[in-house]
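Engineer: next input, structure requested:
(one chain, ligands or ions: 1)
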Amino acid sequence: MEAKEKDILRGGQFLVKETKCEDIFTLEDLSEEQKMMRDSTKEFVDRELWAHWERFEKKDYAYTEECMRKAGELGLLSVAVPEAYGGMGMGFVSTMLVCDYISGATGSFSTAFGAHTGIGTMPITLYGTEEQKQKYVPKLASGEWFGAYCLTEPGAGSDANSGKTKAVLSDDGKYYSISGQKMWISNAGFCNMFIVFARIEDDKNITGFIVENDPENGISLGDEEKKLGIHSSSTRQVFFSDTKVPVENMLSERGNGFKIAMNALNIGRIKLAAACLEAQRRVINEAVKYANERIQFKTPIMNFGAIKAKVANMATNAYAGDSACYRAAKNIEDRIAIREAAGNSHQEAELKGVEEYAIECSILKVAVSEDVQHTTDEGLQIFGGMGFSAEAPMEKAWRDARIARIYEGTNEINRMLSVGMLIKKAMKGHVDLLGPATAVGEELMGIPSFDAPDFSQLFAEEKDLIARLKKVLLMVAGSAVQKFGPELEKHQQLMLAAADILIEIYMAESTILRTEKNAKRFGEEAQATQIAMAKLYLYNATETIIQKGKEGIVSFAEGDEQRMMLMGLKRFTKYTNNPNVAALRTQIADKVAADNGYTFD
Ligand SMILES: Cc1cc2nc3c(=O)[nH]c(=O)nc-3n(C[C@H](O)[C@H](O)[C@H](O)COP(=O)(O)OP(=O)(O)OC[C@H]3O[C@@H](n4cnc5c(N)ncnc54)[C@H](O)[C@@H]3O)c2cc1C
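Structural biologist: Below you'll find the model as predicted:
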């Protein structure tokens, strides 16, 4: 069905507008074409990556490159590339599916894949001229060439616009000479082309360039970095010394590089979140298989409540990640389609479509990268001593997961961005936070209703609770904005607490809506475990929100205001019927144990 502008929320609006379960996309809505894409990706992973995981651990960079070429032959590198440039031109959901399912075996490959297809290729498809796209994109889409992205420098990491790399125009105006040092560059060891960000004269903002990798042209590489994980992902420093780049290789306009870098990262963030999903599912599968087989005290360890609690939380977080990632992916896909229908070029439509959901992209990057870390950690714990052994799969999964919290913008930066962007959207009038925040303020002054609500319908209480959790954020963030105005950004601990509340609301709501939609069409009985997971996720989310809400309130409000807000926090986070958390966990774990793995995707 074609999406209409009025049917889909703008980025960040989920906080103040109700979403109906019918309006969200779920993994259960995949088309046959999308399922084929997912299945062929899985097959590739099983055959080429999972079966050879030792090679990735032994720093076999050549094997990573070989697998990248094979992925190119299968078309996996071209899913997001428009057909006009040799790609498959598939929708955003399909591109997410490939990023998701390709991530299962090794972080080495998914990093190489992400750096090439995302930040290595997208800046050209999104900002390149027709000539640039014709010249470079078909080669990148087929895997004949590989790309890398050079933004970070020794002195410019999170502060990406502060790089010192220089681009100097030649006297004849025909080329720029680029000089500078880039570090942590994924794919540097085997790429044919770099997207390089450099400063022209004393410009406020950096500029993007397409730079072909030619050692004869002043380009040299540092040694492979010795890393904690993703051992076969090539990560090297790249040195440019008077590297000559034709003027026609400038990306977009002079001074537009920071914007390009940030927009490429928006897409990178949601795709990185997707790339943490299959990794979680596979870790759960391995952990549950082990727990079903490992006997201690004359029983499989899977039978112990301590292990069940871990498995239930791992499965629940993976399910929440699936729910939220594909909800946002379809919103982006729909917005791109709406913009194209309104006459925008695909390039413009995609840029604006993703930019619209930059808040959700940051939320997902943080939430899912932390879930994969938690899941690998618990998976390792389930393996006991064997978890610590490099012979078993958990040790590498644990190490590989760690990077996701650092690259594509650290989780601290993304937390602050998510709240900062929300406040900016409110100020621009794109999301009306002021009205709802004022209403919450008035509600706090009023007498609470003592009517007994009717919670007989599935998720009636949970949806009521989510609506109230949104009020917690409006209350805390609204008062903080009133108190500090634009200075709020400097109160980072408050911003981080608000971000955690925002993240939990989005994840919990997505999980409930997906399950409600599926319960309506497949029946509550068929969705019993998913219903338990949705309830467990919301319970855990509410606990986080209570903690972060309190932390925020006591950190800036005093006296009567503080007392009133703490009372509001209690009212807005209260269950009428507390869920039996242990029973939920047992129910979920028993199903995962019986299936010998995660079967909800
Ligand atoms: C394996 C790997 C692959 C990578 N691949 C690429 C690549 O292909 N291309 C590329 O350009 N880069 C790449 N990077 C770089 C990566 O994006 C950066 O490491 C990341 O952005 C963080 O920058 P930094 O390391 O300089 O840390 P810093 O910016 O120095 O941050 C250090 C700590 O300070 C915190 N911090 C920084 N600024 C603030 C602030 N304003 N407020 C609060 N806290 C703050 C951070 O959150 C972090 O915890 C890669 C890095 C690694 C490790």
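Engineer: okay, now the unreliable bits of the protein?
Structural biologist: Along the chain, the model assigns pLDDT under 70 to residues 1-7.
Engineer: so which bits of stretch 34-43 are buried?
Structural biologist: For stretch 34-43, the neighbour count (16 or more other Cβ atoms under 10 Å) marks 34, 37-38, 41-42 as buried. For glycine as for every other residue, the C-beta is placed from the backbone atoms N, C-alpha and C.
Engineer: distance between that stretch and the chain's centre?
Structural biologist: Centre-to-centre, stretch 34-43 and its host chain are 20 Å apart (Cα atoms, centre = their mean, to the nearest Å).
Engineer: equivalent analysis for stretch 532-541, please.
Structural biologist: Distance of stretch 532-541 from its chain centroid, counting by Cα atoms, centre = their mean, is 20 Å.
Engineer: return the set of buried residues in it.
Structural biologist: Going by neighbour count (16+ other Cβ under 10 Å), the buried part of stretch 532-541 is 532-541.
Engineer: equivalent analysis for stretch 279-292, please.
Structural biologist: Residues of stretch 279-292 classed as buried: 279-288, 290-292 (neighbour count, 16+ other Cβ under 10 Å).
Engineer: ok, stretch 491-502 next?
Structural biologist: 491, 494-502.
Engineer: now render those as CSV, adding secondary structure.
Structural biologist: CSV is the format used below for these (DSSP: H, G, I helix; E, B strand; the rest coil):
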residue, secondary structure
491, coil
494, helix
495, helix
496, helix
497, helix
498, helix
499, helix
500, helix
501, helix
502, helix
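Engineer: residue 296: which of those is nearest?
Structural biologist: Comparing the buried residues of stretch 491-502 against residue 296 with Cβ to Cβ picks out residue 500 as the nearest, at 36.3 Å.
Engineer: skipping adjacent residues, who's closest to that closest one in space?
Structural biologist: With Cβ to Cβ, 6 or more residues apart in numbering as the criterion, residue 500 has its nearest non-adjacent residue at 4.4 Å, and that residue is residue 548.
Engineer: now do the lengthiest helix in the chain: which elements does it pack against?
Structural biologist: The residue-count maximum for a helix in the chain (DSSP state H) belongs to helix 305-341. Packed against helix 305-341, as judged by 3 or more Cβ pairs under 8 Å, 6 or more residues apart in numbering; DSSP states H and E, are the following elements: helix 92-101, helix 257-274, helix 277-293, helix 346-356, helix 358-382, helix 492-522, helix 528-556, helix 581-595.
Engineer: burial of the one residue in the chain that gets nearest to the ligand, as a residue count?
Structural biologist: Minimum separation of the chain from the ligand (Cβ to the nearest ligand atom) falls at residue 157, amounting to 1.6 Å. When neighbours are counted by other Cβ atoms under 10 Å, residue 157 registers 18.
Engineer: and if you look at residue 341?
Structural biologist: 13.
Engineer: tell me the buried residues in stretch 51-71?
Structural biologist: 53, 55-57, 59-61, 63-65, 67-69, 71.
Engineer: just the ones of those residues in strands?
Structural biologist: Judged by DSSP state E, strands contain none of the buried residues of stretch 51-71.
Engineer: what comes into contact with stretch 561-575?
Structural biologist: Stretch 561-575 is touched from outside by 440, 443-445, 448, 461, 465, 468-469, 471-472, 475-476, 479, 542, 545-546, 549-550, 553-554, 557, with contacts defined as Cβ atoms under 8 Å, 6 or more residues apart in numbering.
Engineer: end-to-end on stretch 286-300?
Structural biologist: Terminal residues of stretch 286-300 lie 15 Å apart, using Cα to Cα, to the nearest Å.
Engineer: now what about it, what contacts it?
Structural biologist: Under the criterion Cβ under 8 Å, 6+ apart, residues 301-302, 307, 310-311, 314, 378-379, 382-384, 386, 393-394, 397, 592-593, 596-598 lie in contact with stretch 286-300.
Engineer: the same query, at a cut-off of 7 Å, please.
Structural biologist: Residues from elsewhere that reach stretch 286-300, judged by Cβ atoms under 7 Å, 6 or more residues apart in numbering: 301-302, 307, 311, 379, 382-383, 393, 592-593, 596-597.
Engineer: stretch 17-34 too?
Structural biologist: Outside stretch 17-34, the residues touching it (Cβ under 7 Å, 6+ apart) are 7, 9, 38, 93-94, 97, 322-323, 326-327, 330, 510, 513-514, 516-518, 520, 601.
Engineer: swap in stretch 200-207?
Structural biologist: So stretch 200-207 is contacted by 161, 163, 167, 197-199, 250, 254-258 (Cβ under 7 Å, 6+ apart).
Engineer: kindly write the ChimeraX command that selects the buried subset of those.
Structural biologist: The buried residues among those can be selected in ChimeraX (16+ other Cβ under 10 Å) with this line:
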select :161,163,167,197,198,199,250,256,257,258
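Engineer: which of the contacts of stretch 200-207 fall within strands?
Structural biologist: Checking the contacts of stretch 200-207 against DSSP E, those in strands are 167, 197-199, 250.
Engineer: for stretch 434-441, buried residues please.
Structural biologist: Using 16+ other Cβ under 10 Å as the test for burial, stretch 434-441 gives 434, 436-437, 440-441.
Engineer: wait, I meant stretch 204-211
Structural biologist: For stretch 204-211, a neighbour-count test (16+ other Cβ under 10 Å) marks 205-211 as buried.
Engineer: number of residues surrounding the closest residue to residue 224 other than its chain neighbours?
Structural biologist: With Cβ to Cβ, 6+ apart as the criterion, residue 224 has its nearest non-adjacent residue at 5.9 Å, and that residue is residue 236. Applying other Cβ under 10 Å, we find 22 other residues in the vicinity of residue 236.
Engineer: is residue 236 part of a helix or strand, or is it coil?
Structural biologist: Under three-state DSSP, residue 236 comes out as strand.
Engineer: which ones are touching it?
Structural biologist: By Cβ under 7 Å, 6+ apart, the residues touching residue 236 are 185, 188-189, 221-225.
Engineer: run through the bridge partners of it.
Structural biologist: On the basis of DSSP bridges, residue 236 is bridged to residue 185.
Engineer: and it, how far from residue 223?
Structural biologist: Per Cβ to Cβ, to the nearest Å, residue 236 is found 7 Å from residue 223.
Engineer: with residue 176 instead?
Structural biologist: Noted for residue 176: a distance of 28 Å to residue 223, by Cβ to Cβ.
Engineer: looking at those two, which one has more neighbours?
Structural biologist: Neighbours per residue, other Cβ under 10 Å: of residue 176 and residue 223, the larger number sits with residue 176, 23 against 8.
Engineer: hang on, that one in a strand?
Structural biologist: Yes: assessed with three-state DSSP, residue 176 lies in a strand.
Engineer: contacting residues around the closest residue to it other than its chain neighbours?
Structural biologist: Nearest residue to residue 176 in three dimensions, chain neighbours excluded: residue 167, at 4.2 Å (Cβ to Cβ, 6+ apart). Neighbour list for residue 167: 176, 178, 198-200, 207, 209 [criterion: Cβ under 7 Å, 6+ apart].
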